[in-house]
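S.K.: What would the 3D arrangement of this be:
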Amino acid sequence: MTPAEIRAEIKRLYHDTTRTSVERDLKRAVTLLKELDGEEERARVAVYMDGLSQMRSEWILAGRRAAKKKTATAGKSRKKKVG
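M.R.: Numbering: from 1, shown residues only. All right, here's what the predicted structure looks like:
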């Protein structure tokens with residue numbers, strides 16, 4: 001792949017990633033990044049790499065919050081009122 005094709009693929013991965021595909025897409029982007037020669041080429045896609053990483057982090061945190069909330073809600077519904 002040419003550097004332009006690699007940059008285009010990383011950009012596509014960034015725009016098309018979803019909550020379920022972000023891990024796979026980020027791994028693919030890192031593999032592609034390693035194929036680029038020099039810091040200048042890598043700097044051109046840094047914003048997309050950072051964006052993928054941020055999305056992954058945000059979705060992981062959102063998933064943890066949702067799981068914690070679900071656990072808390074389930075615990076409340078199991079308690080019975082006395083009296």
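S.K.: Over to the residue nearest the centre of the chain: give its phi and psi.
M.R.: In the chain, the C-alpha closest to the average C-alpha coordinate belongs to R56, at a distance of 2.3 Å (C-alpha atoms, centre = their mean). Backbone torsions for R56, taken as degrees, to the nearest 10, come to phi -60, psi -50.
S.K.: roughly how far apart are A4 and A46?
M.R.: 16 Å (C-beta to C-beta, to the nearest Å). No exception for glycine: its C-beta is placed from N, CA and C like everyone else's.
S.K.: before we move on, the earlier item: L26 is in contact with the residue nearest to the centre of the chain, correct?
M.R.: Yes - with contact defined as C-beta atoms under 8 Å, R56 counts as touching L26 (5.8 Å).
S.K.: Would you mind measuring from the residue nearest to the centre of the chain to A46?
M.R.: 16 Å.
S.K.: Also R12?
M.R.: 16 Å.
S.K.: what do you get for E5?
M.R.: 18 Å.
S.K.: Could you report the neighbour count for the residue nearest to E35 when sequence neighbours are not counted?
M.R.: Take E35 and drop its neighbours on the chain: the residue closest to it by C-beta to C-beta, 6 or more residues apart in numbering is I6, 5.7 Å away. For I6, the neighbour count with other C-beta atoms under 10 Å is 20.
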